[in-house]
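**Student:** missing the sequence, but the structure's below:
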């Protein structure tokens, strides 16, 4: 499904944390097929218009397009659709099942003043120059776009179709005022004379109609074919192409040669414009309703599966190399250390009073609470655990097919609700760690867990929402949706955090295999390669190298309106990312303890979390592909990418801490302490 930047942090956040599987023809109850009899009305709806240049989706009727009688009516949308900026509305286009239509007229509308130097262009021209695309929907199926020129015909199943184009010779903007709607259907085997829509393609054209407004909009005159249906007519076309000629002996659909043959000019995006459309119905016996989304989710095999397999292979190579390194270094050295530390000293060795060295010397300090803010450490690990649980559960639901792309907004709602419900996990983890650290301000720790990261996310969301509102974007969340988010936060998530914290404080503190002394041991000078800058640099590059290929496709889905539904590949990469973070943290923790440095709590958190730093820096590289040059776009992109990187930092950092904690408990429980 398409992941769009929402007005809340959840979409970008979830895109970086999610996993799932390859698209299959699997739909759950709740996404019911709709069957049509011949002649039944079929509704064509419009969604937000999107642009890769501005990243700000806008409402379709913000431009002076044809509106239905009585004004457009908005669909009932769920919370996920509102957060993703979807605005699905009705249109004046009249479609009937299996009824061919030839150059049907929609309306005459004034697009505004013509382009002139020194004069601000009209809304349509600005939208065309900003590369806005229409996103139309028939029977809940997004439109594919077919673009044709003298040599090729290109069909794309993502990003919709453009509002218009800018001519390379005149550099003027032209609007697509005619569309060929090609709808494929499949006969229902279990119902008599019923059909289901399985594909929807739009081919736009720019046709300069010379016309005079008709005296009567509802012209019931027949065409040359006596059996033809009455046509809705708003204008008399003076120079019709063949498909628009009411007196033609044989009706034919609009083609590229009709439109651009005989040196016909396209329709400039200004003044009064007549909008028309053709409807073509084709039976597709091979494509079933349950499989109709497959070509969208695979993007018509635009990205071969072997690319993802190469990504998996690359990730596995990194994991195997890292695992072999750990096996060679840790296992061999630890076995030697165990033998040395557990060996009974002879009288000669006691007499020589050989000085001990290595990680055993810090046994009385290794489980000392963090020297810097144990409260912040507990809160960070609790929040990271909450994000991790949200990601894992969303992966499971996506992999089982619960998050169908036909159910718009389902992914966002799943992420948001699972994050809220995992508040109890966050509270429990924070309380258990903070009690282990012998902290006394348990109310403060629990409150900071409930309000910390959600508060940062809501602040970023609110600022960017105000920015979207100032730009007139459909990304701006309505006030009622804002209230719903606050209710989820304070009404469900916060009580669950306190509920989990209550049980966390009731539990005993984490038991350690060795006692901690009252006086901390002095830490000797450390070599340069054990400094924080080097460990952050090396600690993040391997996990990032294991996932950066899939990260590219995820960012393309979020910011470039492409589909991403290969959840199986992403699930493997997600697990490899976590394993790599854990292994690299354990390796650096061992080196740190061998250097008699027992301040490993924050070091392990930052070593694993440094993956997020690479992700954030990579977002600068990816940003060059978006062709964006406005301040609002910079704010939107880097605001959400910064927030997503912070969430990834907390999640991978908590994985690093718990991995290092398990490692330290294991090795110190295996030696004898005098």
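**Tutor:** In hand now; what should we look at? Just so we're clear, the structure is a prediction, and the values are computed from it rather than from any experiment.

**Student:** Reduced to three states, what does the nearest residue to residue 95 once chain neighbours are set aside come out as?
**Tutor:** Nearest residue to residue 95, sequence neighbours excluded (CB to CB, 6 or more residues apart in numbering): residue 42, at 4.2 Å. (C-beta placed from N, C-alpha, C; glycine too.) What DSSP: H, G, I helix; E, B strand; the rest coil gives for residue 42 is strand.

**Student:** Enumerate every residue touching residue 42.
**Tutor:** Contact analysis of residue 42 by CB atoms under 8 Å, 6 or more residues apart in numbering lists 36, 95-97, 138-139, 183, 197.

**Student:** And these, which of them are buried?
**Tutor:** 36, 95-97, 138-139, 183, 197 (16 or more other CB atoms under 10 Å).

**Student:** any idea which of those is least confident?
**Tutor:** pLDDT across the buried ones among the contacts of residue 42 is lowest for residue 139, at 89.

**Student:** That one: what's its closest spatial neighbour, skipping adjacent residues?
**Tutor:** residue 197 is the one closest to residue 139 (CB to CB, 6+ apart), at 4.3 Å.

**Student:** any idea which helix or strand carries that neighbour?
**Tutor:** Following DSSP states H and E, one finds residue 197 within strand 195-205.

**Student:** Next, the buried residues of that strand.
**Tutor:** Buried residues in strand 195-205, counting neighbours by 16+ other CB under 10 Å, are found at 195-205.

**Student:** Of these, which pair is most distant in space?
**Tutor:** Across the buried residues of strand 195-205, no pair lies farther apart than 196 and 205, at 28.0 Å, counting by CB to CB.

**Student:** Could you give me the buried positions within the helix or strand harbouring residue 497?
**Tutor:** Taking DSSP H and E as the criterion, residue 497 maps to helix 494-506. Using 16+ other CB under 10 Å as the burial criterion, the residues of helix 494-506 that qualify are 494, 496-498, 500-501, 504-505.

**Student:** Contacts made by that helix with the rest, please.
**Tutor:** Helix 494-506 has contacts (CB under 8 Å, 6+ apart) with 420-421, 423-432, 435, 442, 445-446, 449-451.

**Student:** List only buried entries from those residues.
**Tutor:** Neighbour counting by 16+ other CB under 10 Å classes 420-421, 423-432, 435, 442, 445-446, 449-451 among these as buried.

**Student:** show me what contacts residue 314?
**Tutor:** Shown in contact with residue 314 (CB under 8 Å, 6+ apart): 545-546, 549.

**Student:** does it count as helix, strand or coil?
**Tutor:** Following three-state DSSP, we place residue 314 in the helix state.

**Student:** In terms of pLDDT, where does it sit?
**Tutor:** Residue 314 is assigned 75 on the pLDDT scale.

**Student:** State the distance from it to residue 106.
**Tutor:** As judged by CB to CB, to the nearest Å, residue 314 and residue 106 stand 51 Å apart.

**Student:** From the contacts of residue 42, which land in strands?
**Tutor:** With DSSP state E as the criterion, strands contain 95-96, 138, 183, 197 from among these.

**Student:** got JSON lines for those, with distance to residue 662 too?
**Tutor:** Supplementary listing: the ones in strands among the contacts of residue 42 in JSON lines, determined by distance: CB to CB, whole Å:
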{"residue": "95", "distance to residue 662": "61"}
{"residue": "96", "distance to residue 662": "65"}
{"residue": "138", "distance to residue 662": "54"}
{"residue": "183", "distance to residue 662": "57"}
{"residue": "197", "distance to residue 662": "54"}
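
**Student:** So for stretch 563-577, mean pLDDT?
**Tutor:** 79.

**Student:** The helix or strand where residue 581 lies - contacts with which helices or strands?
**Tutor:** Secondary structure assignment for residue 581, by DSSP H and E: helix 567-594. On a contact count with 3 or more CB pairs under 8 Å, 6 or more residues apart in numbering; DSSP states H and E, helix 567-594 meets helix 305-326, helix 374-399, helix 532-559, helix 601-609, helix 631-668.

**Student:** can you give me the angle the last one makes with helix 532-559?
**Tutor:** What separates the directions of helix 631-668 and helix 532-559 is an angle of 130 degrees, with axes from the mean of the first three to the mean of the last three CA atoms, to 10 degrees.

**Student:** For helix 631-668, what is the distance to the chain centroid?
**Tutor:** Using CA atoms, centre = their mean, to the nearest Å, the mean C-alpha position of helix 631-668 is found 18 Å from that of the whole chain.

**Student:** buried set for that helix?
**Tutor:** By 16+ other CB under 10 Å, the buried positions in helix 631-668 come out as 632-633, 636-637, 639-661, 663-665, 667-668.

**Student:** Please apply the same query to stretch 606-621.
**Tutor:** For stretch 606-621, by 16+ other CB under 10 Å, it's 606-616, 618-619.

**Student:** Contacts for it next, please.
**Tutor:** With CB under 8 Å, 6+ apart, stretch 606-621 has contacts from 16, 532, 535-537, 539-541, 543-544, 548, 551, 555, 577, 581-582, 584-585, 588, 637-638, 641-642, 644-650, 652-653, 655-657, 659.

**Student:** cutoff 7 Å now
**Tutor:** Stretch 606-621 is touched from outside by 16, 535-536, 539-541, 543-544, 548, 551, 581, 584-585, 588, 641-642, 645, 648-649, 652-653, 655-656, with contacts defined as CB atoms under 7 Å, 6 or more residues apart in numbering.

**Student:** How about stretch 588-599?
**Tutor:** Residues contacting stretch 588-599 (CB under 7 Å, 6+ apart): 330, 358-359, 361-362, 365-366, 368, 371, 523-524, 526, 530, 535, 539, 600, 603-604, 607, 660, 663-664.

**Student:** quick one, strands of the stretch 101-250 of the chain?
**Tutor:** Shown for the stretch 101-250 of the chain, the strands assigned by DSSP state E, counting those that start in this stretch span residues 101-110, 133-134, 136-138, 141-142, 144-148, 153-156, 161-162, 164-166, 173-175, 178-187, 195-205, 211-213, 235-237.
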